[in-house]
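Undergrad: prediction below, plus the sequence it came from.
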Amino acid sequence: MSLLHQKNEETIYAEITPRGRGAVSVIRLSGPEAIPTIEFFTGISRKEMKRKRLMHAFFKDKERVIDEVVLSVFFSPHSYTGEDVVELSLHGNPLLVSYISSLLKAKGLRQAMPGEFTYRAYKNGKVDLMKAEAINDIVRMGGFEDIMFAVERLEGKWGDFIEKILKQLKEILIQIEAFLEFGEPVDIGFIRQTLLKQYEKIDTFLKRIKPYRASPIPIVVLAGPTNSGKSTLFNYLLGLNRVIVSNIPGTTRDVIDMEVEIDGSFIRLVDTAGIFDAREDIDRAGIDKAYEFVNMADLVLWIFDGSRPFKKWREIIVKEGVIVANKKDLGIDSFWYGKASIEISAKNGLNVDKLATTIKKHINSYLSLPEREYNILVHMRSKLKSVGNEVSLDIVGDELERLLTYGKELTTGSEGVREAVFNNFCIGK
């Protein structure tokens, strides 16, 4: 059953900490049976939970103590979901988590679907759709500034920015309707100036924003001809021998990617097949895959063997990026003077720290926003620009009504949009 059609009267549970061994694991319960369920397994009364909210307990299966736990109790509506919520902190052993989860299931609770806790918060008016997306971004973002931007969005600063624009548009629409229906005087110059200001606000904001579709973690692709040292650089940046390297051209025939932290920012680093005039189907498939990732990349590092000329370098570069002359340990050929942005040696790490700084500078030069929200803003910017030049107040009024409806999509969205948003969440959130 779809998340949007689940019943709110069901009590749900899920582990909200990463799966695996650790100091602590946390299981969250939410719904009308959250408190009674914990009463049943710990013997602590609702009255005592109401008095203490945070307490030590023994979680029991009949008379057998399963674990010593800490209970964090949140009564409706003062909780993440707006429902009664209990967060059960236990020792971080997956076997304990599985056993306690099985007891909760046997008691009639249902395991939460991905994003279901936040969806309940949305349904109960704790967050709107933009804040829900911000919550997910705080967890998933790869850069610190992107995380801070998501926190601002969760605080409501982003919503306030949009709300002020929509309020201005609504006030203009009221003036136009008063003119059209009752002949009230209207200042056309003021209307155009106000619409222009709202356009400029959105335009200025969008200049520092980049949309993301599936993942907010920036994709950095290593691309270039065969035997240029892409895989050697990939291994160096990862700090391990993930990819086999060889002096034989074309060793890498597929796409290999890993998430890696570079100077405080997480990126998805992608090593691709070397680009050359391939004759074999398997080689052409690898090159096609390389260009596929180049097209979706946030940043392309075009890696060349800097120790020798490469006459067809312009033919390979299909997208703007950073041109890297590798193999500085062998000496950089004068051919690359004025062409390469940076000279490195992936073999011994020379100047790779400078390349890492270049990567970080690029991915931190913009802030990430979900593609859904970005596209709505782009549409609003375009409409505001065109309507600001419109001479007919009838048409201006109609367009403003559409803009206001479209702007509200940011906080609500259609059922399909809501489904897509919450399906991107992990279990436990």
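TA: Structure's in. What do you need? Numbering: from 1, shown residues only.
Undergrad: dump the residue contacts of the closest residue to Val387 other than its chain neighbours.
TA: Closest residue to Val387 apart from its sequence neighbours, by Cβ to Cβ, 6 or more residues apart in numbering: Glu399 at 4.5 Å. C-betas here are computed from N, CA, C, even on glycine. Residues in contact with Glu399 (Cβ atoms under 8 Å, 6 or more residues apart in numbering) are 383, 386-387, 390.
Undergrad: just the residues you listed: which has the poorest pLDDT?
TA: Within those, Glu390 has the lowest pLDDT, namely 74.
Undergrad: quick one: name whatever helix or strand follows the helix or strand hosting Lys167.
TA: Assessed by DSSP states H and E, Lys167 sits inside helix 157-182. Using DSSP H and E, the helix or strand that follows helix 157-182 in sequence is helix 188-206.
Undergrad: on the three-state scheme, Lys360 is what?
TA: Here Lys360 is recorded as helix under DSSP: H, G, I helix; E, B strand; the rest coil.
Undergrad: surely it touches Ile262?
TA: Yes: look at Lys360 against Ile262 with Cβ atoms under 8 Å: they come within range, at 6.1 Å.
Undergrad: which other residues reach the helix or strand hosting Ile267?
TA: Here Ile267, judged by DSSP H and E, is contained in strand 265-271. With Cβ under 8 Å, 6+ apart as the test, strand 265-271 has contacts from 142-144, 215, 217-222, 230-231, 234, 237-238, 243, 252, 255-260, 293, 297, 359-360, 363-364.
Undergrad: flag every buried residue along whichever helix or strand the residue nearest to Val387 is part of.
TA: Following DSSP H and E, one finds Glu399 within helix 393-408. Within helix 393-408, the residues that qualify as buried by neighbour count (16 or more other Cβ atoms under 10 Å) are 393, 396-397, 399-400, 403, 407.
Undergrad: for these, which one is nearest Gly156?
TA: Using Cβ to Cβ, Gly407 comes nearest to Gly156 of these, at 15.8 Å.
Undergrad: lowest average confidence, helix or strand, in the protein?
TA: Lowest by mean pLDDT, DSSP states H and E among the helices and strands of the chain is helix 281-296, with a mean of 79.
Undergrad: tilt between that helix and strand 265-271?
TA: In terms of direction (axes from the mean of the first three to the mean of the last three Cα atoms, to 10 degrees), helix 281-296 departs from strand 265-271 by 150 degrees.
Undergrad: what about the helix or strand just after helix 281-296, distance to the chain center?
TA: As assigned by DSSP H and E, the chain's next helix or strand after helix 281-296 is strand 299-305. Distance, stretch centre to chain centre, for strand 299-305: 26 Å (Cα atoms, centre = their mean, to the nearest Å).
Undergrad: paired strands for strand 299-305, with orientation please.
TA: With DSSP bridges as the test, strand 299-305 is paired with strand 219-223 (parallel), strand 322-326 (parallel).
Undergrad: got a list of contacts for the helix or strand just after that strand?
TA: On the C-terminal side of strand 299-305, the nearest following helix or strand under DSSP H and E is helix 313-316. Residues outside helix 313-316 that contact it (Cβ under 8 Å, 6+ apart): 223-225, 275, 302, 304, 323, 339.
Undergrad: pLDDT on helix 313-316, on average?
TA: pLDDT averaged over helix 313-316 gives 90.
Undergrad: now swap in stretch 330-345 and tell me
TA: If you average the pLDDT values across stretch 330-345, you get 95.
Undergrad: give me the buried positions along it.
TA: 332-333, 335-336, 340, 342-345.
Undergrad: output that stretch as PDB, restricted to C-alpha atoms.
TA: Output of stretch 330-345 as PDB, limited to C-alpha atoms (Å, rounded to 0.1, in the frame of the first residue of the first chain):
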ATOM      1  CA  LEU A 330      57.500  12.600 -15.700                       C
ATOM      2  CA  GLY A 331      57.600  16.300 -16.600                       C
ATOM      3  CA  ILE A 332      54.800  18.400 -18.200                       C
ATOM      4  CA  ASP A 333      55.100  18.800 -21.900                       C
ATOM      5  CA  SER A 334      54.900  22.400 -23.100                       C
ATOM      6  CA  PHE A 335      51.800  21.500 -25.200                       C
ATOM      7  CA  TRP A 336      49.800  21.800 -22.000                       C
ATOM      8  CA  TYR A 337      51.000  25.300 -21.000                       C
ATOM      9  CA  GLY A 338      48.000  27.600 -21.000                       C
ATOM     10  CA  LYS A 339      45.600  24.700 -21.500                       C
ATOM     11  CA  ALA A 340      45.600  22.800 -18.200                       C
ATOM     12  CA  SER A 341      44.100  24.400 -15.100                       C
ATOM     13  CA  ILE A 342      46.300  22.400 -12.800                       C
ATOM     14  CA  GLU A 343      49.300  20.000 -13.000                       C
ATOM     15  CA  ILE A 344      49.400  17.000 -10.700                       C
ATOM     16  CA  SER A 345      51.000  13.600 -10.200                       C
END
